[in-house]
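Enquirer: could you look at this predicted model? Sequence included:
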Amino acid sequence: MTTPLRLDVRRLGTGPEVELSLNVPSDLDYVGPAVELIVASCPVGTLSPRRLLFNFRTALAEALSNAIAYGNRHDPAKVVRVRVEIAPEAVRVHVADDGDGFDPGTVPDPTLPENLEREVGRGLFVLRHLVDHVSFNAKGNAICLTLRAG
């Protein structure tokens with residue numbers, strides 16, 4: 001890593017809502033530091049410590065890794081944009097890459113017998129089990145992960 005990560009923190013309105021924004025270079029070496037920077041900046045309270053330390057951290061690392069590897073294909077000229085919205089009722093993590101996108105409906109189910117030996121689809125499967133809701137933009141180059149409060 002050569003470029004320091006710069007996290008932008010912004011209060012939304014007069015309430016407790018906070019938005020964290022971070023641009024991450026397309027290098028897997030940035031995933032761990034980016035996740036730790038965001039987790040350390042999350043206000044206490046919306047997510048339980050267990051969900052923050054495990055579900056949130058693991059889901060963010062997986063989404064970032066996928067965006068760097070599959071979306072941006074490790075292209076150093078591209079970045080991954082992360083935006084985290086923290087509100088009393090939920091935390092929403094938006095991860096967008098500069099890639100061509102994909103159709104999440106075509107990702108095979110990794111639990112089917114014919115796919116057990118294949119690596120494709122495991123990350124998306126894990127994400128869907130770590131968070132309460134997963135959605136993609138129409139192009140398929142941005143994901144939104146929602147973790148409800150608790």
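Expert: Cool, got the structure. Numbering: from 1, shown residues only.
Enquirer: Phe54: neighbour count?
Expert: 12 (other C-beta atoms under 10 Å). Where C-beta positions appear, they are placed from N, C-alpha and C, glycine not excepted.
Enquirer: just to be sure, it is in a helix?
Expert: Yes: with the criterion set as DSSP: H, G, I helix; E, B strand; the rest coil, the secondary structure at Phe54 is a helix.
Enquirer: could you measure from the residue nearest to Ala59 when sequence neighbours are not counted over to Pro33?
Expert: Nearest-residue entry for Ala59: Leu130, 4.4 Å, with adjacent residues in sequence omitted and distances by C-beta to C-beta, 6 or more residues apart in numbering. Leu130 sits at a distance of 20 Å from Pro33 (criterion: C-beta to C-beta, to the nearest Å).
Enquirer: swap in Leu60?
Expert: Taken as C-beta to C-beta, the spacing of Leu60 relative to Pro33 amounts to 12 Å.
Enquirer: now swap in Asn72 and tell me
Expert: When C-beta to C-beta is the yardstick, Asn72 and Pro33 sit 17 Å from each other.
Enquirer: between the two, which has more neighbouring residues?
Expert: Between Asn72 and Pro33, Asn72 has the larger neighbour count (other C-beta under 10 Å), namely 22 against 13.
Enquirer: OK, contacts around that one?
Expert: Contact analysis of Asn72 by C-beta atoms under 8 Å, 6 or more residues apart in numbering lists 26, 78-80, 97-99.
Enquirer: just Val107 next, same as before
Expert: When contacts are counted by C-beta under 8 Å, 6+ apart, Val107 is found next to 120-121, 124.
Enquirer: same question, Ala90
Expert: Residues in contact with Ala90 (C-beta under 8 Å, 6+ apart) are 46, 132, 146-149.
Enquirer: could you rerun that using 6 Å?
Expert: For Ala90, the contact set (C-beta atoms under 6 Å, 6 or more residues apart in numbering) comprises 146, 148-149.
Enquirer: got those residues as a markdown table, with distance to Gly105 columns?
Expert: Conversion of the contacts of Ala90 to a markdown table gives the following (distance: C-beta to C-beta, whole Å):
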| residue | distance to Gly105 |
| --- | --- |
| Thr146 | 19 |
| Arg148 | 24 |
| Ala149 | 29 |
